[in-house]
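J.: predicted model follows, preceded by the sequence.
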Amino acid sequence: MTDRQNERHEWLASIANQYELDLASETVASSDAGFRSYYRVKTLNGNSFIVMDAPPAHEDVRPFVRVTSLFEKAELTVPHVYEKSEDKGFLLLDDLGDKTYLSVLNEDNARELMEKAIDALVKWQSISEPGVLPEYDRTLLSRELSLFPEWYIGKHRGKTLDERQSALLKVCFERILQNNLAQAKVFVHRDYMPRNLMVMKSGGPGILDYQDAVYGPVSYDIASLLRDAFISWGETFVIDMTIRYWEKARKAGIPVPEDFGVFWKDVEWMGLQRHLKVAGIFARLYYRDGKTKYLEDTPRFINYIRQTAHRYDELKALLFLVDQIEDSVPQYGYTF
């Protein structure tokens, strides 16, 4: 048993009587792309809790605790924090089960589940106010975009951009930044996708993995939901769901553009920024952190990047660069 395991078990033992925990029942619930791990512990009366184990040298549980209170203010389903040890990096949380949207989504239930996710997203955005969460500003967006050339192009593809290619990429990144920073700002979950949404017995989804929430572009979370890292949808479905979100957001007073065509471009360009970032992150997880399961999904991101870049003249240079990096010429399709 490792020192960290001993520390976790000692902490659980200190609260076991209060919550009637059966310490011998601990099992691994899940892990994520960071250093956090999750364990399920049963109680003597047959219920269960989730224990978040977030080593303080790598993770900080305070943002999770703070954002949990915001989601609860919006009356959304998130794991309530029953106990916390911020200095040791342990939380005792509600157990929302193990049925993720990703594990159950299919053509028959997609519309119903996605509408529930959209309703929850609108409620989350409706409580937005500046000065509460960190700003999703130029510095953070730029840092995320830089992951693509550093980790995906450099490490994964093993290529070095020449001076002309670097200049073209810089111009494209600047165009993406200008478009996305011009959008109205709301609370942003920052990873609002089926893998982080739980199917509950009633009502809307249970929501997880929101510790990196920020105050940023209004299109970010709907782009994350419909241009997902782990599942792809047809363009007709994506547009339909985006329209449904846009209509509900306008009715709720969310600051989306009055013209859907403008908003659709914002969603596409925000999604493009996210896909460039995540392609870099997945490569970094593989080469730096030894997490192998994510890299196999990068072709989906490269396809998203190509599709979006092909639709806009301002991004044709990015399409050209990606084709060079991938050493292939793809087939493209238009939205309209």
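T.: Nice, I can see it.
J.: residue boundaries of the helices in this structure?
T.: Counting by DSSP state H, the chain forms helices over residues 3-19, 62-73, 101-104, 110-126, 138-145, 147, 163-181, 220-226, 235-252, 260-287, 298-311, 316-326, given from the N-terminal end onward.
J.: list the buried residues in the last one.
T.: If I follow you right, that is helix 316-326. Under the neighbour-count criterion of 16 or more other CB atoms under 10 Å, helix 316-326 has Ala317, Leu318, Leu319, Leu321, Val322, Ile325 buried. Where you see a C-beta, it was placed from the backbone N, CA and C, and this is true even at glycine.
J.: related to what we said a few turns ago, out of the helices of the chain, deepest packed?
T.: Scoring these by mean neighbour count under mean count of other CB atoms under 10 Å gives helix 220-226 as the most buried, with a mean of 25.
J.: OK, contacts around Thr292?
T.: Shown in contact with Thr292 (CB atoms under 8 Å, 6 or more residues apart in numbering): Tyr286.
J.: circling back to that earlier point, compare the helices of the chain and give me the one nearest Asp191.
T.: Smallest distance to Asp191 across the helices of the chain (CB to CB): 6.5 Å, for helix 220-226.
J.: quick check: domain ranges of this protein?
T.: Structural domains of the chain, as assigned by automatic domain parsing, span the residue ranges 3-94, 101-326.
J.: thinking again about what came up before, save the helices of the chain as a markdown table, and put in mean pLDDT and distance to Glu86 too.
T.: A markdown table is the format used below for the helices of the chain (pLDDT from 0 to 100; distance: least, CB to CB, whole Å):
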| stretch | mean pLDDT | distance to Glu86 |
| --- | --- | --- |
| helix 3-19 | 96 | 12 |
| helix 62-73 | 98 | 6 |
| helix 101-104 | 95 | 30 |
| helix 110-126 | 97 | 24 |
| helix 138-145 | 96 | 24 |
| helix 147 | 97 | 28 |
| helix 163-181 | 96 | 33 |
| helix 220-226 | 97 | 27 |
| helix 235-252 | 97 | 34 |
| helix 260-287 | 96 | 26 |
| helix 298-311 | 91 | 34 |
| helix 316-326 | 93 | 42 |
